[in-house]
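> what's the 3D shape of this:
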Amino acid sequence: MEATKKLNGKAVGKWLGNNAIIVMMLLVSLIVGIIHPNFFSWNNIVNLFKNVSIRYIIALGISGCLITTGNDLSAGRTAGFAACLACIFAQTTGAAGKFYPDMATLPTWLVFVLVIAICAVIGLCNGLVVSFLRVQPFIATLGMQQVVYGICLVYTGGTPIGSLDKSFTSIAIDNFLGIPLLIWVSLIVAVGFWFLYNKTRHGKYMYAIGGNESAAEVAGVNVAATKIRIYVLASCMFGLAGCLLAAKSGGASVNTAMSYELDAIAACTIGGVSTTGGVSTTGGVGTVPGVLVGVLVFELMKVALQFMNVNSSYTYIVQGLVIIVAVAIDIRKYLAKK
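Model (predicted):
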């Protein structure tokens with residue numbers, strides 16, 4: 001009996017150590033909720049989950065890259081470019097300062113299809129560079145980040161784009177069964193990713209590559225093709241998130257979604273997606289529900305800081321510290337398994 005208590009105590013201590021950031025953020029949120037009752041109001045919760053929905057989609061896109069010990073630093077710029085493209089395609093006919101004065105407003109479904117298809121090309125480029133040129137994902141996607149940002153600057157001239165058609169912005173306003181459409185979209189994407197990660201050959205290959213790329217290749221996994229699919233899918237998610245962000249904001253500029261990739265990487269790490277890899281006995285590490293927990297905790301932290309009237313400049317300091325601590329905990333878990 002005493003041994004069981006010691007074992008349970010050790011297990012609890014280990015869990016608390018591995019999830020220190022989650023526990024800390026939940027405690028902070030609870031304290032803020034007690035001090036400011038509006039923190040747990042229905043409207044605030046709905047707004048929180050709307051923000052979580054868009055960032056969750058981006059984080060899910062990046063998760064596959066991280067699980068295979070890669071990365072995608074072009075996420076924010078790709079989402080921003082996608083938001084600008086969506087706004088251009090969805091501008092109201094006859095709007096003042098319309099980007100293409102003679103172009104009719106495109107149907108909402110066509111806007112999404114075109115934007116996601118364009119973003120898929122960006123992901124394809126990332127995947128080809130990482131897989132065949134053997135450029136480190138960090139460097140490859142950092143370069144693509146600058147390329148996409150430059151293209152967006154040249155294409156839009158740095159001019160904000162607004163005056164969007166109501167049928168497009170309604171995605172961020174309308175509800176279905178009392179739940180905002182934004183949340184429904186993220187739930188559908190999450191279910192799709194869960195199925196992809198857990199029930200398909202692609203998911204098995206992805207985790208195998210994350211566990212030990214050389215062993216996966218020897219076992220017959222087409223590593224290059226799998227990585228290309230991962231980066232294409234990631235960019236498609238950035239395109240989808242950019243469209244939703246444009247609809248939610250009612251406009252976009254070249255600075256839209258700036259640094260969203262850092263938040264997504266931090267959220268994935270907090271949610272249990274391993275950035276270290278190399279553990280051949282366990283394979284790549286990361287789950288779809290875990291990513292949701294990470295995004296939710298990260299967004300809770302931001303909202304809590306706002307309710308505490310913390311200067312927005314200090315928010316960046318806190319976010320940076322959270323990222324460092326999250327990666328440090330991830331490395332600590334990896335070393336403990338060795």
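> how about the helix or strand where residue 232 lies: buried residues?
Residue 232 belongs to helix 223-249 when elements are defined using DSSP states H and E. Neighbour counts over helix 223-249 (16 or more other C-beta atoms under 10 Å) mark 223, 226-249 as buried. The way it works is simple: take the backbone N, C-alpha and C, and place the C-beta from them, glycine included.
> now the strands: where do they sit in this protein?
175-176, 179-180 (DSSP state E).
> in a markdown table: those strands, plus mean pLDDT, mean neighbour count and distance to residue 162.
Written out in a markdown table, the entries for the strands of the chain read as follows (pLDDT from 0 to 100; neighbours: other C-beta atoms under 10 Å; distance: least, C-beta to C-beta, whole Å):
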| stretch | mean pLDDT | mean neighbour count | distance to residue 162 |
| --- | --- | --- | --- |
| strand 175-176 | 88 | 10 | 24 |
| strand 179-180 | 90 | 16 | 21 |
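> can I get the ones you listed in CSV including distance to residue 52?
Formatted as CSV, the entries for the strands of the chain read as follows, by distance: least, C-beta to C-beta, whole Å:
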stretch, distance to residue 52
strand 175-176, 16
strand 179-180, 11
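> hmm, back to that, helices or strands up against the helix holding residue 232?
Here helix 223-249 is seen to pack against helix 42-67, helix 75-90, helix 108-131, helix 166-169, helix 181-199, helix 201-211, helix 213-218 when contacts are counted using 3 or more C-beta pairs under 8 Å, 6 or more residues apart in numbering; DSSP states H and E.
> what sits up against the fifth one?
Contacts to helix 181-199, defined as C-beta atoms under 8 Å, 6 or more residues apart in numbering, come from residues 49-50, 52-54, 56-57, 60, 63, 171-172, 174-176, 202-203, 206-207, 237, 240, 244, 248, 287-289, 292.
> are any of those buried, and which?
Taking 16+ other C-beta under 10 Å as the criterion, what is buried in the contacts of helix 181-199 is 49-50, 52-54, 56-57, 60, 63, 171-172, 202-203, 206-207, 237, 240, 244, 248, 287-288, 292.
> out of the helices and strands packed on helix 223-249, which is the most enclosed?
Sort these by mean neighbour count, taking mean count of other C-beta atoms under 10 Å, and helix 75-90 sits at the top with a mean of 28.
> centre of the chain to that helix, how far?
Here the centre of helix 75-90 is set off from its chain's centre by 15 Å, with C-alpha atoms, centre = their mean, to the nearest Å.
> so it versus helix 108-131, what angle?
Counting by axes from the mean of the first three to the mean of the last three C-alpha atoms, to 10 degrees, helix 75-90 lies at 150 degrees to helix 108-131.
> any chance you could give me stretch 247-255 in CSV, C-alpha atoms only?
C-alpha atoms of stretch 247-255 as CSV (Å, rounded to 0.1, in the frame of the first residue of the first chain):
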residue,chain,number,x,y,z
ALA,A,247,-13.5,37.0,-42.8
LYS,A,248,-13.2,37.6,-39.0
SER,A,249,-11.2,40.8,-39.3
GLY,A,250,-13.2,42.2,-42.3
GLY,A,251,-9.9,43.0,-44.1
ALA,A,252,-6.2,42.2,-44.3
SER,A,253,-2.8,43.7,-44.9
VAL,A,254,0.7,42.4,-45.3
ASN,A,255,1.1,42.4,-41.5
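> so what touches it?
50, 54, 80, 83-84, 86-87, 149, 152-153, 156, 158-164, 168-172, 182, 242, 245-246, 256.
> how about stretch 84-100?
Outside stretch 84-100, the residues that touch it by C-beta under 8 Å, 6+ apart are 104-106, 108, 110-112, 114-115, 118, 152, 155-156, 159, 161-165, 168, 242-243, 246-247, 251-254, 256.
> what's the answer for stretch 106-113, then?
The contact list for stretch 106-113 (C-beta under 8 Å, 6+ apart) reads 86, 89, 90, 114, 165, 167, 168, 171, 240, 243.
> nearest to residue 67, of the strands of the chain?
When those are ranked by proximity to residue 67, the top entry is strand 179-180, at 29.1 Å, counting by C-beta to C-beta.
> how is this structure carved up into domains?
With automatic domain parsing as the criterion, the domains of the chain are listed as 68-258, 259-338.
> among those domains, which comes closest to residue 22?
Checking the domains of the chain against residue 22 by C-beta to C-beta gives domain 259-338 as the closest, at 5.3 Å.
> pLDDT of the closest one, averaged?
In this model, domain 259-338 has an average pLDDT of 76.
> ok, residue 69 touching residue 284?
Yes. Counting by C-beta atoms under 8 Å, a contact exists between residue 69 and residue 284, whose distance comes to 7.5 Å.
> what about those two, which has more around it?
Legend: neighbour count by other C-beta atoms under 10 Å for residue 69 and residue 284, higher for residue 284 (27 against 18).
> how much space between that one and residue 68?
Relative to residue 68, residue 284 is positioned 6 Å away (criterion: C-beta to C-beta, to the nearest Å).
> for residue 194, same thing?
Relative to residue 68, residue 194 is positioned 18 Å away (criterion: C-beta to C-beta).
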